[in-house]
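Undergrad: Take a look and give me a structure for this.
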Amino acid sequence: MDWQYQLDKLFETVSKEEVVLFISSHPGEIPNMIKIIKQSSEKSAWRAAWIIDLIYRDKPSLIKPYIKELLNILLETPYNGVRRSLLKIIQSEPPSATEDGRLLDKCFRWIVSPTIPTAVRVHAMHYISQLLPSYPELKNEFILCLETALNDENKGIKTKARNLLKQIEQVGVP
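TA: Okay, the predicted model is just below:
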């Protein structure tokens with residue numbers, strides 16, 4: 001199937017639900033969708049990542065074999081829509097399966113960058129907060145990062161940072 005065409009025409013000729021259902025029923029198509037995430041225009045790459053995320057939400061076992069590849073794409077992509085969808089998947093996996101330091105570093109940078117969209121920054125905060133029980137040595141750096149985020153103009157960023165700081169204060173780690 002010409003997935004590039006289908007994704008470009010998403011909502012015009014086919015719904016996201018139809019694409020998710022088809023790919024879930026034909027998991028051999030997942031590598032083709034991942035190829036689009038890596039090699040396509042921003043619109044198609046984001047839509048392909050979104051479809052992969054939706055499949056993961058319904059049938060994670062279909063996507064789990066591709067977690068390392070998705071992590072590498074996440075680290076390299078310039079597209080924030082792809083980052084958002086792939087971060088949602090990666091943060092649902094155990095840290096031991098995904099963390100090698102590279103994503104952690106990117107997440108710290110994304111959190112404090114006002115040019116990164118709110119959703120990516122919030123997912124980055126969530127990802128790091130999930131690492132704290134396994135890596136308590138990150139706590140102080142994360143607190144400093146969250147305190148920096150409290151000065152952000154974006155209310156969503158401030159709220160997430162404030163909530164995470166409260167959690168850290170109450171229980172030691174979120």
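Undergrad: Distance check, the residue most central in space within the chain against W110.
TA: Nearest to the mean C-alpha position of the chain, counting by Cα atoms, centre = their mean, stands L87 at 1.2 Å. L87 sits 9 Å away from W110, going by Cβ to Cβ, to the nearest Å. C-beta coordinates here come from the backbone N, C-alpha and C atoms, glycine included.
Undergrad: quick one: the residue nearest to the centre of the chain and P117, what's the gap?
TA: For L87, the distance to P117 - Cβ to Cβ - is 11 Å.
Undergrad: now could you export just the CA positions of stretch 68-75 as PDB?
TA: Extracted in PDB, the C-alpha atoms of stretch 68-75 (Å, rounded to 0.1, in the frame of the first residue of the first chain):
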ATOM      1  CA  LYS A  68      15.100   0.900  19.900                       C
ATOM      2  CA  GLU A  69      14.500   2.000  16.400                       C
ATOM      3  CA  LEU A  70      11.800   4.500  17.500                       C
ATOM      4  CA  LEU A  71      14.200   5.800  20.200                       C
ATOM      5  CA  ASN A  72      16.900   6.400  17.600                       C
ATOM      6  CA  ILE A  73      14.400   8.200  15.400                       C
ATOM      7  CA  LEU A  74      13.200  10.300  18.400                       C
ATOM      8  CA  LEU A  75      16.800  11.400  19.100                       C
END
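Undergrad: Pull out the buried positions in it.
TA: 70-71, 73-74 (16 or more other Cβ atoms under 10 Å).
Undergrad: Could you pick out which of those residues are located in strands?
TA: Using DSSP state E, no member of the buried residues of stretch 68-75 sits in strands.
Undergrad: Of these, which pair is most distant in space?
TA: L71 and I73 (7.3 Å; Cβ to Cβ).
Undergrad: overlap in contacts of the two?
TA: Counting by Cβ atoms under 8 Å, 6 or more residues apart in numbering, the common neighbours of L71 and I73 are L86.
Undergrad: Now do the helices in the protein.
TA: 3-8, 16-25, 30-39, 42-58, 60-63, 67-76, 80-90, 95-98, 102-112, 118-131, 139-149, 155-171 (DSSP state H).
Undergrad: Thank you, goodbye.
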